[in-house]
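K.L.:
any chance you can model this:
(4 chains)
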2 protein chains.
Amino acid sequence: MSSPELSPTGSVILGMLALGKQTGYDIKQFVDKSTRHFWAASYGQIYPELKRLEEQGLIRGRQEPTGGRPRTVYDLTDAGKEALHSWLRSDVEPLVELRDEGMLKLFFSDTLPEHRIDNIRAMRERQERKLAQLRAIEQHAGEGMHRGPYLTLQLGIGQTQWFIDWCEATERRLAEMERE
Amino acid sequence: MSSPELSPTGSVILGMLALGKQTGYDIKQFVDKSTRHFWAASYGQIYPELKRLEEQGLIRGRQEPTGGRPRTVYDLTDAGKEALHSWLRSDVEPLVELRDEGMLKLFFSDTLPEHRIDNIRAMRERQERKLAQLRAIEQHAGEGMHRGPYLTLQLGIGQTQWFIDWCEATERRLAEMERE
DNA sequence: AGGTGCATGTAACAGGTTACATGATTAA
DNA sequence: TTAATCATGTAACCTGTTACATGCACCT
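P.N.:
Okay, here's the model as predicted:
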């Protein structure tokens, strides 16, 4: 009865269809300006996954060419909606994976302590760029935003801002210690 | 002259040797209670990488059996120290990769809005578990901690704490809105 | 006429995890 | 004696990225 294991990537696609995205291309564009910061996806994942989901009967695709240009539009089947819901409800430990080379540099910064502040400053600058991107999304998406994406965006902004503040405070503290 | 591309995994190993870790096993143990939260590593990466680094002349290994039990102890060569330094100094955009299924669930929570608060609560509980782990490391490592690892730990604790606070505030806000 | 965007797809590759295999030492 | 810990290693597998290939439509 319950579908045979839905991968997180599969859930993303179901979720994106639920948010009204229609084609693989469409999904990729939207991922790149929304979930990218905590869940990226490439065409190499999306298109094969769409086929797999269709084989499993969770989504349904039909050809809707734009003029002579081929185009496959997908939507959720009832089974697909159910699969999405049961993923949202399920309480199996969700996957979390982080690889952050900047943190690693901070961690190993005793090896080159003169550069520690530079490392932190560089981290801060990257976070500032990220914050600018998130703010741009916030401006751009404006009113028409779903609540889930909105909350996620606010969380991202707050988090990034906190990180920046931490960096600033730590830069100051380290600079003071150096002067002594 | 400059070594032919040092992978982040390679840098981790060099860094760990610089922090005084000696064997592959040793490195793995320490990674698991320190960098794991932002950079994990498995034996399947560590042992082959140690061999590669030795071939490149960045580390030197010698047999130091404990009784009849084989054991290879590594340390940095001068070239290895230089490679570690140049990695720390380099300002090529450091790798950042995050996959967070919990965020994804929040993002798609419009599909099942009755469960949104549960999702946030579950996120908070996971962060609380993480915070407990970090605090345990803080207690346990105590005095003898290098500055880089210490700063990284404080950053992690602060970040996690902020996240928990955000979840609490948001849970309250959503609960209020529901009552209206 | 030409560049950009829409749209689909895949093969080769890179990176990492899991599971397994092996065996000595030490503490209970 | 037996379980846990120390210690090393690899093969099979899985997941994801990059690079490439293709071609129409639309705007200027």
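K.L.:
same for the helix or strand where A:Val12 lies, what does it pack against?
P.N.:
Following DSSP states H and E, one finds A:Val12 within helix A:8-18. When contacts are defined as 3 or more CB pairs under 8 Å, 6 or more residues apart in numbering or on different chains; DSSP states H and E, helix A:8-18 packs onto helix A:24-32, helix A:43-55, strand A:59-63, strand A:72-76, helix A:78-89, helix B:101-107. Backbone N, C-alpha and C define where each C-beta goes, glycine included.
K.L.:
might you calculate how far the second one sits from the centre of the chain?
P.N.:
Counting by CA atoms, centre = their mean, to the nearest Å, helix A:43-55 is centred 18 Å from the centre of its parent chain.
K.L.:
contact partners for the residue most central in space within chain A?
P.N.:
Nearest to the mean C-alpha position of chain A, counting by CA atoms, centre = their mean, stands A:Thr35 at 2.6 Å. Neighbouring residues of A:Thr35 by CB atoms under 8 Å, 6 or more residues apart in numbering or on different chains: A:Val12, A:Ala41, A:Thr152, B:Met103, B:Leu104, B:Phe107.
K.L.:
redo those as a markdown table? Include pLDDT.
P.N.:
Output for those, formatted as a markdown table (pLDDT from 0 to 100):
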| residue | pLDDT |
| --- | --- |
| A:Val12 | 97 |
| A:Ala41 | 97 |
| A:Thr152 | 97 |
| B:Met103 | 98 |
| B:Leu104 | 97 |
| B:Phe107 | 98 |
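K.L.:
ok, A:Ile46 touching A:Lys28?
P.N.:
Yes. Counting by CB atoms under 8 Å, A:Ile46 touches A:Lys28, with 5.7 Å between them.
K.L.:
give me the common contacts of these two.
P.N.:
With CB under 8 Å, 6+ apart as the test, A:Ile46 and A:Lys28 reach no residue in common.
K.L.:
neighbour count for these two, which is higher?
P.N.:
Taking neighbours as other CB atoms under 10 Å in any protein chain shown, A:Ile46 and A:Lys28 compare with A:Ile46 leading, 20 against 17.
K.L.:
for the residue nearest to that one when sequence neighbours are not counted, what are its contacts?
P.N.:
Excluding the flanking residues, the one nearest A:Ile46 by CB to CB, 6 or more residues apart in numbering or on different chains is A:Gly24, at 4.9 Å. By CB under 8 Å, 6+ apart, the residues touching A:Gly24 are A:Tyr43, A:Ile46, A:Tyr47, A:Leu50, A:Thr72.
K.L.:
could you report the neighbour count for the third one?
P.N.:
Using other CB under 10 Å, A:Tyr47 has 15 neighbouring residues.
K.L.:
okay, now the domains of chain A?
P.N.:
A:8-89, A:101-179 (automatic domain parsing).
K.L.:
wait, which of those is closest to B:Pro113?
P.N.:
domain A:101-179 (7.2 Å; CB to CB).
K.L.:
that closest one and chain B, any residue contact?
P.N.:
Yes. Counting by CB under 8 Å from any CB of the partner chain, chain B has neighbours in domain A:101-179: A:101-113, A:115-116, A:119, A:122, A:126, A:146-149, A:151-152, A:155, A:158-159, A:162-163, A:166, A:170.
K.L.:
and these, which are buried?
P.N.:
A:101-112, A:115-116, A:119, A:122, A:126, A:146, A:148-149, A:151-152, A:155, A:158-159, A:162-163, A:166, A:170 (16 or more other CB atoms under 10 Å in any protein chain shown).
K.L.:
show me which residues of chain A sit near DNA strand D.
P.N.:
A:7-9, A:40-45, A:66-69 (CB under 7 Å from any atom of the strand).
K.L.:
any chance of those residues in a markdown table with neighbour count as columns?
P.N.:
Formatted as a markdown table, the residues of chain A next to DNA strand D follow (neighbours: other CB atoms under 10 Å in any protein chain shown):
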| residue | neighbour count |
| --- | --- |
| A:Ser7 | 14 |
| A:Pro8 | 15 |
| A:Thr9 | 17 |
| A:Ala40 | 14 |
| A:Ala41 | 19 |
| A:Ser42 | 10 |
| A:Tyr43 | 11 |
| A:Gly44 | 8 |
| A:Gln45 | 18 |
| A:Thr66 | 7 |
| A:Gly67 | 5 |
| A:Gly68 | 5 |
| A:Arg69 | 6 |
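K.L.:
coming back round to it: just the ones in helices from the buried ones among the residues of domain A:101-179 next to chain B, please.
P.N.:
A:101-107, A:116, A:119, A:122, A:126, A:148-149, A:151-152, A:155, A:158-159, A:162-163, A:166, A:170 (DSSP state H).
K.L.:
give me the subset of those residues that also touch DNA strand C.
P.N.:
When these are checked against DNA strand C using CB under 7 Å from any atom of the strand, none falls in range.
K.L.:
returning to that earlier point: of the contacts of A:Thr35, just say which sits nearest to DNA strand D.
P.N.:
A:Ala41 (5.7 Å; CB to the nearest atom of the strand).
K.L.:
that closest one - that's part of a strand, no?
P.N.:
No. Using DSSP: H, G, I helix; E, B strand; the rest coil, the assignment for A:Ala41 is coil, not a strand.
K.L.:
show me what contacts the spatially closest residue to it that is not a sequence neighbour?
P.N.:
What sits nearest to A:Ala41 in space, not counting adjacent residues and going by CB to CB, 6+ apart, is A:Val31, at 4.9 Å. Applying CB under 8 Å, 6+ apart to A:Val31 gives the contacts A:Val12, A:Met16, A:Trp39, A:Ala40, A:Ala41.
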